[in-house]
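K.L.:
Sequence first, then the predicted structure:
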Amino acid sequence: MTIPIATPIRSRESGYSLLELAMAAVILTIMLGSLALLGGSSAGALSAGTSQAELDAQLRRTIARIGDELLPSGLSAITPAALAPEGAAELSYRKSGGPVGGQNSWVDPRRFAFGYETGELDDGLDNNGNGLVDEGVVTWTIDAGLASEHAVVLCHGVRELDWREEDNDLDDDGDGLVDERGFAVQRVGNVLRLGLTLERRDAQGYSIVRSLETTVQPRN
Amino acid sequence: MQFTRTKNRDRSERGSAIVTVTIALAVLLLLLAAFLRLVGAAHSEQDQERDDLQVLYVAEAGLGEAYLDLEEGRLVPEEEQAPVLGSAEQPLELGNVRYWVDGQDLGTRTYALRASALERQARERIELVVREIPDGFFRYAVFGEEGVTFDTSSFVDSYDSSLGVYDEQFDKATGHATAFGNVGSNADILLQTNTQIWGSANPGPEHQVTYSGPNATVSGSTDPALENVVLPPIVVPTIKSSGTAIVKKKTLYLGPGDVHYSSVQVSSGGTVEIRGPARVVFDDLLLAANTTLKMVTTGGPIQIYGTGNFRMQANSHLVTNTIRPHDAAIYLSSNNVDGTPKATVEFNANAEYTGLIYAPRSSIAIHAMFEIYGSVMARRVALGSNSAIHYDTSLLFDDDNGPPVLEQVSWRPIGME
């Protein structure tokens, strides 16, 4: 028969040697460091991913809004013609108001336009200190030119130029447009091609640029 | 008996690894949760966008189906909006999207098709308005190739004979019936004081509408036409002449069938009665005061061809007993402008003429006592003071000339009811 007897061991085995403590400290430092690095890079990646996702969502919503507005319009009610190579960064249009007397009627004029962000100038500098140079907004104006006119900013952080363009009077990206804005409209046949490029700085100060294109065929 | 020692570790020896791992796991789990939430939100948004797009496409498909049915005559919308494909209670289904289409007849062969589509939270309702492309020849209330003039208080509006007589469609509140009484010309259109045109007044290309007095009204467009309208010459049927006729205090019956008189002189108390269906050619017609020309169209349509003088003098009477202007027509190949010899054309009769007047080589003057329910197309047209023309919109369409062709009027999203 074996009977276990608990015996406190308090002899030469008790206590840590200096070497043990040093090793433990090194291991702990490495572990915590790795953890911090992992956390930091994960947070950074998450922040970048979040920024990208937000930009993508903003792009999609803005383009969808513009497309929804232009769909019930008609090429005869859209100015300017937005033909290559100029395209247009400002588009006035009218939507169908339904039939009146057997003819289509149009609602009061509306407009989408690129404009510079508040505090920003067209000078190649970051005037408003948000890390972006000469960035703009897309503004949607209802009842354009009328007493009841009012405007809404659809999105901020619009690049001054399309992400593939440089300010050099050339069609750098080969899309037919020369030095087009971050918000650009091009008419191709009966179709309008809409392009929007947004930019922002993430938490680490890195530039994130996202771009989206779609086509709309006005129905009237 | 044997004794073995078990070693109770001191608290200070217990590892802190579990705490570290727990913290690390917690941090990672939080990051993962945030990421999943982000991805989930983006996924939901994309789902919604996809659903929105899908219901739009299905609504479009519904419109397409209804449009085809309308074009092929399988669908006849009613005056009130009513389901024509499926219904809100019993929707059709396409790719898990429920849809239905409502139709409505907006009048003048203009139809609204309204398609609704639903899927989960996504819904769309769009309206397509189409109209039958007018293919009738008489598309104007008044057309003057070389100009149209309206004297003071002359009046043009429209009605639809297929819906009943003009008086039933006249709106006392507005002072007119419908507003499709279009006026056209290849030259200028001149409007004097108090002229009312309930429709458009479209002068020729590079020409204009001129207002020579106040209070002239044009309810529609006054834009110049994009191209000239050609008035083809009249092809007078070749019919053996019955010679001349002098009608005095008696009635001359003509028709049914083809009739040709080189001259008919009707003096006071005389009547000419034409019974349709008939084609009657007058090389020279004179209706003096207190005479009557009756066009009895109960048996069929009547076409009168005037090749020379065509005179309905003051206090003569022109009588038509139809409400359809398709039934009675006066075609004048006479030339009273620069013909050799110059013919005389007069429409001074007292009449409520339901019919057509076509005179591509003559200038026609319509006076106050000669009220027209139909259309006048001529080389020149002058509407006298207080004259009135009520255009029949059923003339816009030639139902005997093939199936109708539709065109889009408008397309737009509308709110779901």
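P.N.:
Cool, the structure landed. A quick note: this is a predicted structure, and the numbers were derived from the prediction, not measured. Numbering: from 1, shown residues only, chains lettered A, B, ... in the order given.
K.L.:
Please state the offset of the helix or strand hosting residue B:246 from the chain centre?
P.N.:
Element membership of residue B:246 [criterion: DSSP states H and E] is strand B:244-248. How far strand B:244-248 lies from its chain's middle: 44 Å, per CA atoms, centre = their mean, to the nearest Å.
K.L.:
Show me what secondary structure element comes after it.
P.N.:
Downstream of strand B:244-248, the next assigned helix or strand under DSSP H and E is strand B:251-254.
K.L.:
how about that next one: buried residues?
P.N.:
Residues of strand B:251-254 classed as buried under the neighbour-count rule (16 or more other CB atoms under 10 Å in any protein chain shown) are B:252, B:254. No exception for glycine: its C-beta is placed from N, CA and C like everyone else's.
K.L.:
who does it touch, helix- and strand-wise?
P.N.:
Where contact means 3 or more CB pairs under 8 Å, 6 or more residues apart in numbering or on different chains; DSSP states H and E, strand B:251-254 is packed against strand B:271-275.
K.L.:
what's the model's confidence in the strand it packs on, averaged?
P.N.:
Mean per-residue pLDDT for strand B:271-275: 96.
K.L.:
Please apply the same query to stretch A:38-50.
P.N.:
The model assigns stretch A:38-50 a mean pLDDT of 78.
K.L.:
Export that stretch to CSV, keeping only CA atoms.
P.N.:
In CSV, the C-alpha atoms belonging to stretch A:38-50 read as follows (Å, rounded to 0.1, in the frame of the first residue of the first chain):
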residue,chain,number,x,y,z
LEU,A,38,0.1,41.3,-34.4
GLY,A,39,-2.5,43.6,-32.9
GLY,A,40,-1.0,46.7,-34.5
SER,A,41,-0.8,45.2,-37.9
SER,A,42,-4.3,43.7,-37.5
ALA,A,43,-5.7,47.0,-36.5
GLY,A,44,-3.9,48.7,-39.3
ALA,A,45,-5.2,46.2,-41.8
LEU,A,46,-8.6,46.5,-40.4
SER,A,47,-8.4,50.3,-40.5
ALA,A,48,-7.2,50.2,-44.1
GLY,A,49,-9.9,47.6,-45.0
THR,A,50,-12.5,49.7,-43.3
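K.L.:
So it, near chain B or not?
P.N.:
Yes. Interface with chain B: stretch A:38-50 contributes A:38-39, A:42-43, A:46, A:49-50 (CB under 8 Å from any CB of the partner chain).
K.L.:
TSV for those, including neighbour count and secondary structure?
P.N.:
As requested, these are arranged in TSV below (neighbours: other CB atoms under 10 Å in any protein chain shown; DSSP: H, G, I helix; E, B strand; the rest coil):
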residue	neighbour count	secondary structure
A:38	14	helix
A:39	16	helix
A:42	17	helix
A:43	16	helix
A:46	16	helix
A:49	17	helix
A:50	15	helix
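K.L.:
is chain B contacted by the host helix or strand of residue A:115?
P.N.:
Per DSSP H and E: residue A:115 is located in strand A:110-116. No. Counting by CB under 8 Å from any CB, chain B is not contacted by strand A:110-116; separation bottoms out at 13.7 Å.
K.L.:
could you point out which element follows that strand?
P.N.:
Using DSSP H and E, the first helix or strand after strand A:110-116 is strand A:136-142.
K.L.:
now the angle between strand A:136-142 and the strand holding residue A:115, please.
P.N.:
Per axes from the mean of the first three to the mean of the last three CA atoms, to 10 degrees, the angle that strand A:110-116 makes with strand A:136-142 is 160 degrees.
K.L.:
now strand A:110-116: how far from the chain's centre is it?
P.N.:
Using CA atoms, centre = their mean, the offset of strand A:110-116 from its chain centre is 17 Å.
K.L.:
Which strands or helices does it pack on?
P.N.:
Here strand A:110-116 touches helix A:18-70, strand A:90-93, strand A:136-142, strand A:183-188, going by 3+ CB pairs under 8 Å, 6+ apart.
K.L.:
neighbouring strands for that strand, and are they parallel or not?
P.N.:
The strands beside strand A:110-116 in its sheet (DSSP bridges) come out as strand A:90-93 (antiparallel), strand A:136-142 (antiparallel).
K.L.:
and the residues of stretch A:38-50 next to chain B, which two are the farthest apart?
P.N.:
The largest separation in these, counting by CB to CB, is between A:38 and A:50 at 17.9 Å.
K.L.:
what is the mean pLDDT for stretch B:64-77?
P.N.:
Averaging pLDDT along stretch B:64-77 yields 91.
K.L.:
buried sites along it?
P.N.:
For stretch B:64-77, the neighbour count (16+ other CB under 10 Å) marks B:65-67, B:69-70, B:75, B:77 as buried.
K.L.:
Tabulate those residues in JSON lines, adding columns for distance to residue A:212.
P.N.:
What follows is the buried residues of stretch B:64-77, written out as JSON lines (distance: CB to CB, whole Å):
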{"residue": "B:65", "distance to residue A:212": "32"}
{"residue": "B:66", "distance to residue A:212": "34"}
{"residue": "B:67", "distance to residue A:212": "32"}
{"residue": "B:69", "distance to residue A:212": "38"}
{"residue": "B:70", "distance to residue A:212": "37"}
{"residue": "B:75", "distance to residue A:212": "40"}
{"residue": "B:77", "distance to residue A:212": "40"}
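K.L.:
Tally up the residues packed near residue 101, please.
P.N.:
No chain specified, so I'll use chain A. 18 (other CB atoms under 10 Å in any protein chain shown).
K.L.:
You answered for a different chain; I wanted chain B.
P.N.:
Other residues lying near residue B:101 total 28 when counted by other CB under 10 Å.
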